[in-house]
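In: Mind looking at a prediction? Sequence and model below.
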Amino acid sequence: MTLAHDDIGLEQAISRPYVQTLTMAGALNLALADALREDPEVVVFGEDVGALGGVFRVTDGLTARFGDRCFDTPLAESGIVGTAVGMAMNGMRPVVEMQFDAFALPAFEQIVSHVAKLGNRTRGALRMPLVIRIPFGGGIGGVEHHCDSSEAYYAHTPGLTVVSPSSPQDAYSLLRAAIASPDPVVFLEPKKLYWTKGEVDTSVTAAIGRARVVRDGTDVTLLAYAAMVPVALEAAEIAASEGRSVQVVDIRTLSPFDDATVIAAVRSTGRAVVVAEAPGFASVASEIQARVSERCFEYLEAPVRRVTGFDTPYAPPKLEHWYLPDADRVLDAIDSLHWEDET
């Protein structure tokens, strides 16, 4: 399956000026290329990542530049991850791609039983410098098995670091950090944002495990990650026109969670809304809601709200705009908070 598009920014990535405007896909491509160029132990493999350049063209041109260090595999996700485990155990730094979010589920046993546990099982004698790239989430008009938000499975698994960028800059910097990590990282790439553009400075680093305040505000804090960060920013802009000052925090790393940044942000405003596109029940959003409620209780002016996808299988393409949280739903959640000046 190929999703064609015209301007992914990869030609700019190859020429690589110091600071450049790239799509998120182009930023990820540049991060992979730089890692392959700088470290001979890095390899990239998965289904159709070689000559085709991946379904979303994230690996476009890497095989031509780096030969068999970027190669295709059979359609066997468990085998892909199992092979990567063996490589990582022997000093290599594999970066594997699961073509779509739900396609990673056949590899889930390998991820939970071996990738996440090997370091603990060997008391640190064996490390697992392995990155599992997973395109995830909706917003592309995809069908069943192509639009899942499966982050809760991975965030619930001790031993896994779980990261998801919301901008081309973070896509580049966080992927470089993930590849350099001595421990396994599940790198969730929001498909809806692959073709969004932004400036990428290759000298900028991003620390895994750190959230970031992307918009200051004093009245309410929106906590979001991945494709929901632009939604939160849109809602904040509309709210500003209505006289409310909205702070937006990009979580970025789902595990380990940055309590310090999030708690400081919520305490500064006294109100919080968590925005995520996955179903709300037993989700990352509900964990964030619980942590904020426990740690900020005496500072809160209102209960912490959530805006999430619905507790149903992912909607078919013609209905996904009803399923995915949008700025209107976020604004409704903000309006539901207790506001003393309106009582």
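Out: Ah, there it is. Residues are numbered from 1 along each chain as shown.

In: so who does residue 161 touch?
Out: 178, 181, 183, 184, 185, 186, 208, 209, 253, 255, 256 (C-beta atoms under 8 Å, 6 or more residues apart in numbering). No exception for glycine: its C-beta is placed from N, CA and C like everyone else's.

In: again, only using 6 Å
Out: Each residue near residue 161 by C-beta atoms under 6 Å, 6 or more residues apart in numbering is listed here: residue 185.

In: Could you check how far it is from residue 182?
Out: Computed as C-beta to C-beta, to the nearest Å, the residue 161 to residue 182 distance reads 11 Å.

In: What of residue 98?
Out: Counting by C-beta to C-beta, the gap from residue 98 to residue 182 is 21 Å.

In: the more surrounded of these two?
Out: residue 98 (24 against 12; other C-beta atoms under 10 Å).

In: Could you find the closest non-adjacent residue to that one?
Out: Take residue 98 and drop its neighbours on the chain: the residue closest to it by C-beta to C-beta, 6 or more residues apart in numbering is residue 104, 3.7 Å away.

In: Would it be right to say that the one you found lies in a helix?
Out: Yes: Residue 104 sits within a helix when classified using DSSP: H, G, I helix; E, B strand; the rest coil.

In: how deep is it tucked in, by neighbour count?
Out: The number of residues near residue 104, taken as other C-beta under 10 Å, comes to 28.

In: May I ask which helix or strand of the protein has the lowest mean pLDDT?
Out: Of all helical and strand segments in the chain, the minimum by mean pLDDT, DSSP states H and E falls on helix 10-15, at a mean of 45.

In: Quick check: beta-bridge partners of residue 187?
Out: residue 133, residue 163 (DSSP bridges).

In: again, but for the one 10 residues further on
Out: Per DSSP bridges, the residues bridged to residue 197 are residue 23.

In: mind checking how far residue 62 is from residue 264?
Out: In terms of C-beta to C-beta, residue 62 sits 40 Å off from residue 264.

In: Please name the residues that touch the most centrally placed residue in the chain.
Out: In the chain, the centroid-proximal residue (C-alpha atoms, centre = their mean) is residue 164; its distance is 1.7 Å. Contacts for residue 164 (C-beta under 6 Å, 6+ apart) come out as 188, 225, 226.

In: List of residues touching the single longest strand found in the chain?
Out: Assignment by DSSP state E gives strand 272-279 as the longest strand of the chain. Applying C-beta under 6 Å, 6+ apart, the contact partners of strand 272-279 are 137, 149, 221-224, 228, 232, 266, 285, 288-289, 292, 304-309, 311, 324-325, 330, 333.

In: Can you show me the strands along the stretch 1-150 of the chain?
Out: 19-23, 42-46, 70-72, 93-97, 131-136 (DSSP state E, counting those that start in this stretch).

In: and the shortest one, average pLDDT?
Out: Looking at strand 70-72 alone, the average pLDDT works out to 97.

In: ok, residue 221 - contacts?
Out: By C-beta under 6 Å, 6+ apart, the neighbours of residue 221 are 247, 265, 266, 269, 272.

In: If we use 8 Å, what do you get?
Out: 246, 247, 248, 249, 265, 266, 268, 269, 271, 272, 273.

In: Next, work out how far apart it and residue 150 are.
Out: Counting by C-beta to C-beta, the gap from residue 221 to residue 150 is 26 Å.

In: On the three-state scheme, residue 294 is what?
Out: helix.

In: Might one say that residue 146 is in contact with residue 102?
Out: Yes: applying C-beta atoms under 8 Å as the test, residue 146 and residue 102 come out as touching, 7.0 Å apart.

In: More neighbours: these two, which one.
Out: residue 146 (22 against 17).

In: Against residue 153, how distant is the more buried one?
Out: Taking C-beta to C-beta, one finds residue 146 at 17 Å from residue 153.

In: Repeat that for residue 88.
Out: 21 Å.

In: higher neighbour count, the two?
Out: residue 88 (24 against 17).

In: With adjacent residues omitted, what lies nearest to the more buried one?
Out: Leaving aside its sequence neighbours, residue 88 sits nearest to residue 130 (C-beta to C-beta, 6+ apart; 4.4 Å).

In: So what's the residue count around that neighbour?
Out: With other C-beta under 10 Å as criterion, residue 130 counts 28.
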